[in-house]
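Asks: Any chance you can model this:
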Amino acid sequence: MTNQPVNLSSSGPPETILPEFDKRATDLLASALNSEVTSRRENVSSVVAAYPTFLAGWASIGDLSAPGIDAYMAYRVGYHRGLDTLRANAWRGSGYVRWSRDSNRGFLRCLAGLAKNARIIGELSEAVRCEQFLIQLDPSGDTNHLLK
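Replies: Next comes the predicted model:
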């Protein structure tokens, strides 16, 4: 226990809103996601190779991967890229990153996917940590559907 005060404001913790990603990348991702099922993951991966900081792209690779270690790897890369992006946008390790902001959804999808697939591969402490982090970032409950 600490004797240090906790400073609360009437507005609550700060909120970080990630900037919208490059429209060209967004359009390319939409096209790749609408491609033939047999080439969809490869097409999405090509978009992410061209735009390696595109969080929605990493989340989409995870979504298109086999559950378990393959999806875990994609979501983990997206999660770490997302932490870098959050820090570059004034996030200091606490505060809200809400699902209601479209530009935050790629990161939140990566975090939720990491939690689900960590559980699948038996990394239970990581799964719980990621689930708690997701709730801390957006306690509104708007992200609950991501963990199902």
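
Asks: Please make it C-alpha for all contacts and neighbour counts, starting now.
Replies: Noted.

Asks: do you know how far Thr85 is from His145?
Replies: 24 Å (Cα to Cα, to the nearest Å).

Asks: Have a look at those two and say which one is more surrounded.
Replies: When Thr85 is set against His145 and neighbours are counted by other Cα atoms under 10 Å, the residue ahead is Thr85, at 18 against 8.

Asks: Now the more buried one: closest residue in space that isn't a chain neighbour?
Replies: Leu18 (7.6 Å; Cα to Cα, 6 or more residues apart in numbering).

Asks: CA-only coordinates of the longest helix seen in the chain in PDB, if you can.
Replies: In the chain, assigned by DSSP state H, the helix with the most residues is helix 69-88. What follows is helix 69-88, C-alpha atoms only, in PDB (Å, rounded to 0.1, in the frame of the first residue of the first chain):
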ATOM      1  CA  ILE A  69      -0.500 -20.000 -32.500                       C
ATOM      2  CA  ASP A  70      -1.000 -18.600 -36.000                       C
ATOM      3  CA  ALA A  71      -3.700 -16.100 -34.900                       C
ATOM      4  CA  TYR A  72      -1.800 -15.400 -31.700                       C
ATOM      5  CA  MET A  73       1.300 -14.300 -33.700                       C
ATOM      6  CA  ALA A  74      -0.600 -11.900 -35.900                       C
ATOM      7  CA  TYR A  75      -2.600 -10.300 -33.000                       C
ATOM      8  CA  ARG A  76       0.600 -10.000 -30.900                       C
ATOM      9  CA  VAL A  77       2.400  -8.100 -33.600                       C
ATOM     10  CA  GLY A  78      -0.700  -5.800 -34.000                       C
ATOM     11  CA  TYR A  79      -0.900  -5.300 -30.200                       C
ATOM     12  CA  HIS A  80       2.700  -4.200 -30.000                       C
ATOM     13  CA  ARG A  81       2.400  -2.000 -33.000                       C
ATOM     14  CA  GLY A  82      -0.700  -0.600 -31.400                       C
ATOM     15  CA  LEU A  83       1.100   0.200 -28.100                       C
ATOM     16  CA  ASP A  84       3.800   2.100 -30.200                       C
ATOM     17  CA  THR A  85       1.000   4.000 -32.000                       C
ATOM     18  CA  LEU A  86      -0.800   4.800 -28.700                       C
ATOM     19  CA  ARG A  87       2.400   6.100 -27.200                       C
ATOM     20  CA  ALA A  88       3.100   8.200 -30.200                       C
END
